[in-house]
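**Q** fold the following and give me the result.
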Amino acid sequence: MKKTKVKSIGLRKVTTITLWTLLISSVLFGVYKNFTAIDQHTIHEEKVIETKLTDTHFVSSYIEEFARVYFAWEPTKEHLEQRTEKIKKYMNEDLQSLNSGMIRSDIPTQSIVQNVSIWNIEEMKSNEYKILFSVVQQVIEGESNQQIESAYYIRVKTDNEKNVVIASNPQMASLYNKLEQKNEVNQDDMEISQNTKDEIKIFLETFFNVYPTAKKTELAYYISSDKEIREIQKGYIFSGIKSIHFFKLEESVKVKLITEYLDPETKAIFSFDYELTLDKMDGNWIIKAGI
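**A** Below is the predicted model of the structure:
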């Protein structure tokens, strides 16, 4: 009997076919993804915040004019009538009526407005502002004569045509207080030699002596060419350096000093403080920053 041949496939051949199948599938999948992929881009959204600048100069001028009318008076019928008429320019009828008894004809004082200062303007809502202002009055009563400063809040309304009206009576307020600040104590840097300090002081005395009247060409010998040199052109007379302190920077020296000048026109003596950065170039000192 003739045996039937059985065809067998080796393990190596099966593995080879499997790997080729995976390779071809990967290539086809890659081609497919290449044609169907959606480009993804990182979108950087830039948000621009626009600052709204509001012109409030006309409001300031309006309040200054109003205050000079409202806080000034004389105890005479004629003047009080004039004052009442002027106030109509600023206040509506309700506020005029409210203020009708503010100044009586028998009032013993006279008020002269010496100064009006606007300290703050706050926009409450569209076309409505709250203003903090102060008034300095010279109040005369008989032989008494005193200066009084008072602060007030007031509201005004406007329109797009810059028409303005007082929207409230003045309300009492307080002004800002002086900020308590102590000057820091300066101590010279011990890394700087006394010889260097002496050199710098002589250089600065020479510079500040010519500084008020020097031309640009002369100032160029003292100030770095990297800076825009501005001429002072004032006849100040240099009196000297009142105080000077030295601090070491990486390759420079910082100097804090106070200079004294006489103004021949007003005869006043001015003290000017400076904080300068100096470098030494080609054996000469030069001002790098601070002027």
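
**Q** give the partner strands of the strand or helix carrying Ser134 in its sheet and their orientations.
**A** Take DSSP states H and E as the rule and Ser134 turns out to sit in strand 128-141. Sheet partners assigned to strand 128-141 using DSSP bridges are listed as strand 110-125 (antiparallel), strand 144-158 (antiparallel).

**Q** burial of Ser174, as a residue count?
**A** Around Ser174 there are 9 other residues, counting by other Cβ atoms under 10 Å. The C-beta positions use only the backbone N, C-alpha and C, and glycine is treated the same way.

**Q** setting the sequence-adjacent residues aside, check what's closest to it.
**A** Using Cβ to Cβ, 6 or more residues apart in numbering and skipping the chain neighbours, the partner closest in space to Ser174 is Ala151 (6.0 Å).

**Q** in this structure the one you found contacts Leu132, no?
**A** Yes - with contacts counted by Cβ atoms under 8 Å, Ala151 reaches Leu132, the gap being 6.8 Å.

**Q** what is in contact with those two at once?
**A** Counting by Cβ atoms under 8 Å, 6 or more residues apart in numbering, the shared contacts of Ala151 and Leu132 are 119, 173, 175.

**Q** dump the residue contacts of the last one.
**A** Which is Leu175. Leu175 makes contact with 119, 132, 134, 151, according to Cβ under 8 Å, 6+ apart.

**Q** if we use 7 Å, what do you get?
**A** 119, 134, 151 (Cβ atoms under 7 Å, 6 or more residues apart in numbering).

**Q** hang on, the earlier thing: wait, which of the shared contacts of Ala151 and Leu132 is closest to Trp73?
**A** Proximity of the shared contacts of Ala151 and Leu132 to Trp73 (Cβ to Cβ) peaks at Ala173, which lies at 21.2 Å.
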